[in-house]
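Visitor: predicted coordinates and the sequence they were generated for:
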Amino acid sequence: MAATPEKPAPATPRRKVSRHRGEGQWAVGHFTPLNGNEQFKKDDDGLNVRTRIETIYSKRGFDSIDPNDLRGRMRWWGLYTQRKPGIDGGKTAVLEPEELDDEYFMLRVRVDGGRLTTEQLRVIGEVSQEFARGTADLTDRQNIQYHWIRIEDVPEIWRRLEGVGLSTTEACGDTPRVILGSPVAGVAENEIIDGSPAIDEIQRRFIGNPEFSNLPRKFKTAISGSPQLDVAHEINDVAFVGVNHPEHGPGFDLWVGGGLSTNPKLGVRLGAWVPLDEVPDVFGGVIGIFRDYGYRRLRNRARLKFLVADWGPEKFRQVLQDEYLRRELVDGPAPEQPPGTWRDHLGVHRQKDGRFYVGFAPRVGRVDGATLTKIAEVAEAHGSGRLRTTAEQKMIVLDVEQDQVDSLVSALEALDLRVDASPFRRGTMACTGIEFCKLAIVETKARGASLIDELERRIPEFDEPITININGCPNACARIQVADIGLKGQLMLDDEGNQVEGYQVHLGGALGLDAGFGRKVRGLKVTAAELPDYIERVLRHFQDEREDGERFATWTARASEEALK
């Protein structure tokens with residue numbers, strides 16, 4: 001009898017193997033563009049679009065602009081299309097880009113180190129009034145931002161700005177953006193070291209340089225020798241923080257890999273001390289690593305913070321030394337705890353030369369061209385030719401003689417620019433919001449301004465440092481995760497079931513040596529209408545429960561959820 005043949009074993013399902021294309025890192029041979037942004041950058045350097053703006057688009061108008069220039073390369077010269085009026089926040093993520101685009105632009109003027117002359121500020125104000133319907137916001141990157149710009153006017157705007165030494169070069173785009181600097185560099189009595197020469201050299205060597213004009217994404221830099229830690233160094237791609245080395249003297253502690261947005265990460269120390277004259281070389285090494293090893297495959301992983309998180313600080317420092325600097329860096333100390341609680345330089349302060357600087361606060365960075373022109377006139381009338389913008393949406397007049405201080409303060413206050421500002425005027429920031437931004441979901445600037453007024457009226461006795469940061473979307477341009485009270489715009493339902501503007505609340509974030517991200521309380525969302533009531537309530541709970549000297553952020557970490565709602 002023949003043996004019964006065995007049944008064949010069932011075939012093992014074949015696992016589909018997809019070819020791994022890497023992370024798009026040039027340094028390991030991944031040069032093929034893996035998304036549309038990388039393709040248009042490969043097709044033509046963003047710096048080249050200026051010629052087309054000057055010779056074609058400004059003459060033929062908005063409809064003549066190539067889409068890859070309109071929503072891509074024009075950012076290399078500080079230009080973004082702004083949001084078409086009348087489109088509500090519910091349509092932000094639904095409509096196509098061409099449906100959101102208005103035929104006007106936001107134009108960003110880079111102000112490296114926040115340094116301005118009164119002549120420059122006057123020209124900024126004149127350009128605002130003539131070409132931007134009076135708009136001119138102070139940003140938390142020390143820039144000044146126009147709206148309502150027509151493409152036909154851009155060449156003339158450039159001519160006027162560049163005539164006084166200002167620029168929009170690489171103010172946006174996948175480029176080295178504006179360099180934050182201490183707004184009191186070179187004048188503060190307690191300064192560790194003046195980083196201004198390094199900012200100047202980085203500008204000269206790297207800004208507008210085609211070798212560094214195609215980065216995986218934007219690259220943010222901060223350089224400050226102030227013990228106040230006044231440039232938000234923890235949330236920049238690279239930061240140089242003033243320290244005193246016990247053997248080598250004043251220099252900078254090197255940080256890399258900070259950034260917020262929807263996946264926030266704090267920068268990390270590399271444990272390296274950098275002397276002033278070596279800062280540009282080290283900057284070049286860090287930005288070179290980003291260009292060559294940065295992740296280009298997915299836009300949401302294309303910031304330096306993801307590479308630093310994967311490598312760790314030890315490997316990052318080793319690659320920087322071995323492949324880019326070709327030498328060892330000196331080990332160095334960490335920054336010391338900053339004096340005081342505010343880092344914005346508001347008020348009247350003596351300079352190292354015996355004169356004074358005077359810091360003042362507009363409302364949430366919202367100014368206008370006429371006001372900027374008046375600020376320039378007021379500063380000059382009181383003997384100053386220099387001003388600074390800050391990383392907190394504020395401004396400072398430098399070099400004021402003692403006998404001019406009181407008169408200057410009065411002149412600024414008459415323009416509603418507070419020198420002795422309430423904690424609410426001083427500590428509230430807001431991003432551009434739905435008024436102009438195509439990514440926004442809710443309104444921010446006007447809401448922040450009215451919130452200041454309401455809180456000053458309701459809690460006039462409140463005198464503790466407090467930061468309230470309002471963002472129109474999840475991208476954190478206003479640093480919601482590192483504010484005492486961070487408000488992330490979203491749409492929600494009110495008690496009657498109507499869709500309204502509102503905010504998810506983050507509590508207890510901070511920068512400085514106690515840097516950390518805010519706490520999110522489960523289910524804590526507040527409608528725009530309820531916002532003043534909510535913030536008054538939580539601040540009164542803080543007043544009732546705080547221990548002696550306790551900061552708001554520390555209190556929120558231990559407070560009950562009930563006290564935070």
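Guide: The structure has been received and is ready for your questions.

Visitor: how about the helices in the stretch 151-300 of the chain?
Guide: Assigned by DSSP state H, counting those that start in this stretch, the stretch 151-300 of the chain shows helices spanning 154-163, 196-206, 279-293.

Visitor: and of these, who's closest to Phe240?
Guide: With C-beta to C-beta as the measure, helix 279-293 is the member of those nearest Phe240 (5.5 Å). From N, CA and C alone the C-beta is placed, and that goes for glycine too.

Visitor: which residues does the closest one contact?
Guide: 25-28, 176, 195, 198, 201-202, 205-206, 212, 214-216, 219, 221, 223, 237-238, 240, 252, 254, 256, 272, 274, 304, 307, 316, 319-320, 323-325, 329 (C-beta atoms under 8 Å, 6 or more residues apart in numbering).

Visitor: just the ones of those in strands?
Guide: Mapping those onto strands (DSSP state E) picks out 176, 219, 221, 223, 238, 240, 252, 254, 256, 272, 274.

Visitor: send over stretch 553-564 as CSV, restricted to the C-alpha atoms.
Guide: Provided in CSV are the C-alpha atoms of stretch 553-564 (Å, rounded to 0.1, in the frame of the first residue of the first chain):
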residue,chain,number,x,y,z
ALA,A,553,5.6,77.8,37.8
THR,A,554,6.7,76.1,41.0
TRP,A,555,3.3,76.5,42.5
THR,A,556,1.6,74.9,39.4
ALA,A,557,3.7,71.8,39.7
ARG,A,558,2.3,71.1,43.2
ALA,A,559,-1.2,72.7,42.9
SER,A,560,-4.3,70.5,42.7
GLU,A,561,-6.1,70.2,39.4
GLU,A,562,-9.0,72.0,41.0
ALA,A,563,-6.9,75.0,41.7
LEU,A,564,-5.7,75.1,38.1
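
Visitor: okay, buried residues for that stretch please.
Guide: For stretch 553-564, a neighbour-count test (16 or more other C-beta atoms under 10 Å) marks 553, 555-556, 559, 563-564 as buried.

Visitor: please apply the same query to stretch 43-58.
Guide: By neighbour count on 16+ other C-beta under 10 Å, the buried set for stretch 43-58 is 46-47, 49-50, 52-53, 57-58.

Visitor: stretch 261-279 now?
Guide: Applying 16+ other C-beta under 10 Å to stretch 261-279 flags 261, 264-276, 278-279 as buried.

Visitor: what about the helices in the stretch 451-565 of the chain?
Guide: Going by DSSP H, counting those that start in this stretch, the stretch 451-565 of the chain shows helices at 531-545, 552-558.

Visitor: save the ones you listed as CSV, and put in mean pLDDT and distance to Lys84 too.
Guide: Shown next, in CSV, are those (pLDDT from 0 to 100; distance: least, C-beta to C-beta, whole Å):
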stretch, mean pLDDT, distance to Lys84
helix 531-545, 98, 26
helix 552-558, 95, 39
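
Visitor: wait, what's in contact with the most centrally placed residue in the chain?
Guide: In the chain, the residue lying closest to the centroid (C-alpha atoms, centre = their mean) is Arg141, at 4.4 Å. By C-beta under 8 Å, 6+ apart, the residues touching Arg141 are 177-178, 180, 220, 391.

Visitor: could you export the buried residues of stretch 553-564 as CSV, including distance to Ala171?
Guide: Listed next are the buried residues of stretch 553-564 as CSV, based on distance: C-beta to C-beta, whole Å:
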residue, distance to Ala171
Ala553, 32
Trp555, 39
Thr556, 35
Ala559, 41
Ala563, 43
Leu564, 38
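
Visitor: Asn244: which of these is nearest?
Guide: Using C-beta to C-beta, the buried residues of stretch 553-564 come closest to Asn244 at Ala553, 27.5 Å.

Visitor: and that closest one, how close does it get to Glu536?
Guide: 18 Å (C-beta to C-beta, to the nearest Å).

Visitor: can you count the residues close to Pro33?
Guide: 16 (other C-beta atoms under 10 Å).

Visitor: give me the three-state assignment for the closest residue to it other than its chain neighbours.
Guide: Among residues not flanking Pro33 along the chain, Gln39 sits closest, at 4.1 Å (C-beta to C-beta, 6 or more residues apart in numbering). At Gln39 the chain is in helix, as set by DSSP: H, G, I helix; E, B strand; the rest coil.
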